[in-house]
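Fold the following for me, if possible:
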Amino acid sequence: MNSNDPTNHPLRGVAQSPEATARYLADIQRVLLEIGNNLEVLARETRVHLRDTHVEGDRWYHARLRAQPVEKTLKDVLRHLSGLTDGLEKAAYKRNDVADKIKKLPRERREKELQKQRKKNSQLPAAPNYSPEAGQQAPQQGYSGPASIYDLGRGRESA
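Okay, here's the model as predicted:
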């Protein structure tokens, strides 16, 4: 098997299954968290060693100043590692969300098509025609009075 062959990649099966993707990302996350624990210990021990290393002629703060760039770099690495593990977890959740949306999609499309057909096939009842002549009203359907004050006509009674 050629590892550069794009048609037969070992992670293809993992990418096709959301459960396999989640397991794979969880395994990577476990390894990274273990590396993170080791880096935390390394950072702590490095800090203690570098701050304890004094050269003749140093003032009390010189060792601390020399240690700060190394401490900052290790702290940045740990921060990025934490972001990476959070990103892996988020990626697994998003992969499952996409799989759920794909499963729901055919049903949603069928429902949308049915709604379209219902909308196309339903006939709205025609609005009643009111004649502009005074005193004549359309046959009684629902409400008994005119629809607006302009439909009252001239034959209305005053109160």
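
Which parts of the chain are helices?
Using DSSP state H, the helices found in the chain span residues 12-16, 18-52, 62-121.

Tell me which of those helices lies nearest to D151.
Closest approach to D151 among these is made by helix 62-121 (30.4 Å; CB to CB). Any C-beta I mention is one placed from the backbone N, CA and C, and that applies to glycine too.

Next, the angle helix 18-52 makes with that closest one.
Between helix 62-121 and helix 18-52, the angle comes out at 160 degrees (axes from the mean of the first three to the mean of the last three CA atoms, to 10 degrees).

Give me the packing partners of helix 62-121, helices and strands only.
Judged by 3 or more CB pairs under 8 Å, 6 or more residues apart in numbering; DSSP states H and E, helix 62-121 is in contact with helix 18-52.

Buried residues of the worst-scoring helix or strand of the chain on mean pLDDT, list them for me.
Scoring the helices and strands of the chain by mean pLDDT, DSSP states H and E places helix 12-16 at the bottom, with a mean of 90. For helix 12-16, the neighbour count (16 or more other CB atoms under 10 Å) marks V14 as buried.
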